[in-house]
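*Asks:* got a predicted structure here, sequence first:
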Amino acid sequence: MAAGLRCVFYDLTDDFSPDVSRLESLLEPTVRALHLTHYFGFPQDGRRWRRWCDERGLMLIEDAAQAWLAKQDGMDVGRYGDLSIFCLDKMFGLPDGAAAVCRARIDVPHGGRPVGGSRLLRRHLAWAAQLGGVTMERARCPGYDPDSDFSLGDPWTPASTATMMTLPRLDWPRTAEARRARYEMLLDAPGALVPPPFQNVPSGASPFLLPVSVPNKPELLGKAAAKRLHALDIWAVPHSSMDEATFPVAQRLRRHLIGLPGAGKTTVTSLLLRLYDFQEGSVRVMGKDVRAYDRRTLRDLFSVVPQDVFLFAGSLEQNVTLGDPAISGQRLRWAAQDLSHGDHCEYRSSIKMAMSWMRIAEHYRRIALIHLERAA
């Protein structure tokens, strides 16, 4: 739309694929492309729609914002599109929102590469503060702003340093496999509330969330929030250029569909470490109620590896040991050399790179500490 193009919307079938008869009725000389969406990490038949577009002289745009890491017939989602769009931060805790792959040559983003560490750092500071016994209440968020949500941003800004450093280090196949396993486990609970197209998990899916259809969406979202469950209000508002009244199926889905998050790893970890206490029942470690433990003694029983990866302000040694004085310098060197496969030069370059990140992190740490003092 920012380029002056006009969107013409089409209906979906019961399996969330494009309605062919409706598409055929919309074909006009001015139509140039088909926008194909891979909903909730479940792949559409890209090969079929590539062929359909080729037969009609159309471009294929694959919207894989919710389906990065998904595959269809062993092929990566987005492979068939003339233009394919992915959302990075829906799969991993990355500071950049989107990436695009285009068959035609496009201009490379110019300008300085942003660091991109502040967003990751804020999450880790909150996590570290909780481990230190400081409770950080989530600030009240302003109302949903669709203009901000649909904003294109600056497409000419290069990907951040944090993203470029993290992407090569991610285990993509295992992540998709883990998402499928968690989704199948979650399916046991809501059962028939899940729309039929998403009641079975294809071998190549990389589920983004569990879609659930409920009779009273606002009421359930309120109850979920009261229990600290972050349920997603799917399609909170219709697209600004769409007349919702002419698409009753989309209207019904928007009014009744919510998305449930993962299998509860963060919640379980938080309960075990007593970052907050449960309201009913009990949580036991080695047969003993966690509330009977001294907090420090309890937390010494666990090792926590956060989903996001970032360097805290301080020395490299403090980052690797997380301030544990029981970890000797010799053990630290063994760990660093093992990480770099024994390459001493790589180990030294890692230290140099880490120290440059430390200086950047120090600025954000000072800002965060001010907020922590105010909250205490």
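*Replies:* That came through fine.
*Asks:* how close does residue 257 get to residue 161?
*Replies:* Plainly put, residue 257 is 37 Å away from residue 161 if you go by C-beta to C-beta, to the nearest Å. Backbone N, C-alpha and C define where each C-beta goes, glycine included.
*Asks:* quick one: the closest residue to residue 244 other than its chain neighbours from residue 295, how far?
*Replies:* Ranked by C-beta to C-beta, 6 or more residues apart in numbering and with sequence neighbours excluded, the top spatial neighbour of residue 244 is residue 238, at 4.4 Å. For residue 238, the distance to residue 295 (C-beta to C-beta) stands at 47 Å.
*Asks:* doesn't residue 291 make contact with residue 271?
*Replies:* No: using C-beta atoms under 8 Å, residue 271 is not in contact with residue 291; the gap is 10.6 Å.
*Asks:* between these two, which contacts overlap?
*Replies:* Residues touching both residue 271 and residue 291 by C-beta atoms under 8 Å, 6 or more residues apart in numbering: residue 277.
*Asks:* circling back: checking the residue nearest to residue 244 next. Helix, strand or coil?
*Replies:* Following DSSP: H, G, I helix; E, B strand; the rest coil, we place residue 238 in the coil state.
*Asks:* what pLDDT is listed against it?
*Replies:* Here the pLDDT value assigned to residue 238 is 80.
*Asks:* that one: what's it in contact with?
*Replies:* So residue 238 contacts 244, 250, 251, 254 (C-beta under 8 Å, 6+ apart).
*Asks:* so which residues of this protein form strands?
*Replies:* Assigned by DSSP state E, the strands in the chain fall at 33-37, 59-64, 71-72, 75-76, 83-87, 98-102, 210-213, 232-233, 257-260, 284-285, 288-289.
*Asks:* got JSON lines for those, with mean pLDDT, distance to residue 329 and mean neighbour count too?
*Replies:* Below are the strands of the chain laid out as JSON lines (pLDDT from 0 to 100; distance: least, C-beta to C-beta, whole Å; neighbours: other C-beta atoms under 10 Å):
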{"stretch": "strand 33-37", "mean pLDDT": "96", "distance to residue 329": "53", "mean neighbour count": "19"}
{"stretch": "strand 59-64", "mean pLDDT": "96", "distance to residue 329": "46", "mean neighbour count": "22"}
{"stretch": "strand 71-72", "mean pLDDT": "92", "distance to residue 329": "45", "mean neighbour count": "21"}
{"stretch": "strand 75-76", "mean pLDDT": "91", "distance to residue 329": "44", "mean neighbour count": "16"}
{"stretch": "strand 83-87", "mean pLDDT": "92", "distance to residue 329": "42", "mean neighbour count": "21"}
{"stretch": "strand 98-102", "mean pLDDT": "86", "distance to residue 329": "40", "mean neighbour count": "15"}
{"stretch": "strand 210-213", "mean pLDDT": "90", "distance to residue 329": "46", "mean neighbour count": "22"}
{"stretch": "strand 232-233", "mean pLDDT": "86", "distance to residue 329": "46", "mean neighbour count": "16"}
{"stretch": "strand 257-260", "mean pLDDT": "89", "distance to residue 329": "46", "mean neighbour count": "19"}
{"stretch": "strand 284-285", "mean pLDDT": "84", "distance to residue 329": "31", "mean neighbour count": "12"}
{"stretch": "strand 288-289", "mean pLDDT": "88", "distance to residue 329": "35", "mean neighbour count": "10"}
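*Asks:* now these as CSV including distance to residue 22?
*Replies:* Converted to CSV, those look like this (distance: least, C-beta to C-beta, whole Å):
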stretch, distance to residue 22
strand 33-37, 12
strand 59-64, 17
strand 71-72, 22
strand 75-76, 26
strand 83-87, 22
strand 98-102, 27
strand 210-213, 22
strand 232-233, 27
strand 257-260, 21
strand 284-285, 56
strand 288-289, 58
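*Asks:* nothing else from me, thank you.
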